[in-house]
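Chemist: Below are the sequence and a predicted model for it; my questions follow.
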Amino acid sequence: MDEWIPTLREIARSLGLGGDPAAYLAVFGLALARLVTAISLAPFLGGKSVPNQVKVGLAAAMTILLFPLLDPVAEAPPPTLLWVALLVKEVLIGALLGLLSQLVFFAIQMGGALIDTQRGMNQFSFFAPQLQGNTSALGLLQFQAALVVFLALDGHLVFLQALADSFQTTPVNAFPPVVADGMAFVDRLARFSADLFLIALQLAAPVMAALFLIDASFGALGKIAPQMPVHGEAHTLKSLVGLLIVFLALPLLIQQFGVSMVDMLAGVKEVVRRLSA
């Protein structure tokens with residue numbers, strides 16, 4: 001490492017940069033930690049389906065592009081203990097932004113799973129690599145459709161812009177003053193989590209209402225004619241009607257996907273603003 005320092009110092013001087021090269025490396029490592037964590041957790045950037053080398057490469061490229069905005073000029077790198085504390089802070093900020101980007105996709109996936117549960121078709125589960133879990137058939141369908149809508153709206157670019165803005169509001173060499181506004185910040189995060197269930201119920205409500213009416217009708221029919229095998233017929237009808245309503249309401253669902261994603265991106269931007277140092 002000692003052999004590389006003079007070389008890095010000469011390269012920095014040739015580029016018109018002052019300060020200690022070790023300080024530049026320390027700042028680069030801190031920024032890279034935030035970006036790698038956020039990108040790894042963002043489902044629309046691949047999740048587990050994308051190799052780690054690709055995600056690290058994307059984060060490194062973004063760090064290089066954003067490096068002039070990081071105010072890296074320093075005479076010496078921070079002490080080791082301080083640098084480790086800053087590194088933990090960067091990882092936590094990246095994890096927070098990445099998890100917030102997942103919530104709306106969890107909600108959309110949950111809405112499909114609720115529909116499949118209500119229509120009795122949740123016996124089979126499928127792996128969703130972007131969210132690292134299993135879901136039902138309609139849950140996976142709605143999740144993949146939501147990804148297409150999100151990318152069509154350039155939501156990934158807005159998210160990356162929010163990541164870039166986070167370095168302006170919370171520099172890598174400073175700690176966010178969340179203690180001063182801690183309860184409001186926690187309350188806002190709790191609201192994001194509560195909205196997950198609200199979005200899922202909104203997406204599943206039309207189908208669940210129709211299936212409830214079918215259950216009520218067949219229940220009344222079973223009381224009137226107990227000898228009729230209404231249970232098997234109701235199960236088949238609920239499965240078909242639920243699927244039919246989903247496809248008929250698909251334009252409305254896609255529109256709701258867009259609204260929910262815009263709200264998610266606005267929430268990410270608000271969290272970035274609240275983290276202002």
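Modeler: The structure has been received and is ready for your questions.
Chemist: what pLDDT, on average, does stretch 68-81 get?
Modeler: The pLDDT scores in stretch 68-81 average 65.
Chemist: And stretch 134-142, by the same measure?
Modeler: 82.
Chemist: And the contacts of it?
Modeler: With contact meaning C-beta atoms under 8 Å, 6 or more residues apart in numbering, stretch 134-142 is reached by 108-113, 115-117, 121-122, 124-128, 143, 203, 243, 246, 253. Backbone N, C-alpha and C define where each C-beta goes, glycine included.
Chemist: Could I get the CA-only coordinates of it as CSV?
Modeler: The C-alpha coordinates for stretch 134-142 follow below in CSV (Å, rounded to 0.1, in the frame of the first residue of the first chain):
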residue,chain,number,x,y,z
ASN,A,134,-41.9,-16.6,-2.7
THR,A,135,-45.3,-15.3,-3.8
SER,A,136,-48.5,-16.5,-5.5
ALA,A,137,-49.0,-16.5,-9.3
LEU,A,138,-50.9,-13.2,-9.3
GLY,A,139,-48.5,-11.7,-6.8
LEU,A,140,-45.6,-12.4,-9.2
LEU,A,141,-47.6,-11.2,-12.2
GLN,A,142,-48.5,-7.9,-10.5
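Chemist: Make a PyMOL selection of the buried ones in the contacts of stretch 134-142.
Modeler: In PyMOL syntax, the buried subset of these is picked out as below (16 or more other C-beta atoms under 10 Å):
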select buried, resi 108+109+110+111+112+113+115+116+121+122+128+143+203+243+246+253
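Chemist: so L140 is in which element?
Modeler: helix 137-152 (DSSP states H and E).
Chemist: Name the next helix or strand downstream of that helix, please.
Modeler: Toward the C-terminus from helix 137-152 - assigned by DSSP H and E - lies helix 155-169.
Chemist: about what we covered before: between the helix holding L140 and helix 155-169, how big is the angle?
Modeler: Going by axes from the mean of the first three to the mean of the last three C-alpha atoms, to 10 degrees, helix 137-152 is angled at 60 degrees with respect to helix 155-169.
Chemist: roughly how far is helix 137-152 from the heart of the chain?
Modeler: 13 Å (C-alpha atoms, centre = their mean, to the nearest Å).
Chemist: What of stretch 22-36?
Modeler: That offset, for stretch 22-36, works out to 23 Å (C-alpha atoms, centre = their mean).
Chemist: then it to PDB, C-alphas only?
Modeler: Taking C-alpha atoms only, stretch 22-36 is exported to PDB below (Å, rounded to 0.1, in the frame of the first residue of the first chain):
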ATOM      1  CA  ALA A  22      -5.500   8.300   1.400                       C
ATOM      2  CA  ALA A  23      -8.200  10.900   2.200                       C
ATOM      3  CA  TYR A  24      -9.600  10.500  -1.300                       C
ATOM      4  CA  LEU A  25      -9.700   6.700  -0.900                       C
ATOM      5  CA  ALA A  26     -11.500   7.100   2.500                       C
ATOM      6  CA  VAL A  27     -14.200   9.300   1.000                       C
ATOM      7  CA  PHE A  28     -14.500   7.000  -2.100                       C
ATOM      8  CA  GLY A  29     -15.000   4.000   0.200                       C
ATOM      9  CA  LEU A  30     -17.700   5.800   2.300                       C
ATOM     10  CA  ALA A  31     -19.700   6.900  -0.800                       C
ATOM     11  CA  LEU A  32     -19.300   3.400  -2.400                       C
ATOM     12  CA  ALA A  33     -20.800   1.800   0.800                       C
ATOM     13  CA  ARG A  34     -23.900   3.900   0.600                       C
ATOM     14  CA  LEU A  35     -24.500   3.300  -3.100                       C
ATOM     15  CA  VAL A  36     -23.700  -0.500  -3.000                       C
END
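Chemist: what's around the nearest residue to T170 once chain neighbours are set aside, how many residues?
Modeler: Computed as C-beta to C-beta, 6 or more residues apart in numbering, the closest residue to T170 that is not its neighbour in sequence is L275, at 4.5 Å. L275 has 18 neighbours, counted by other C-beta atoms under 10 Å.
Chemist: Thanks a lot, see you next time.
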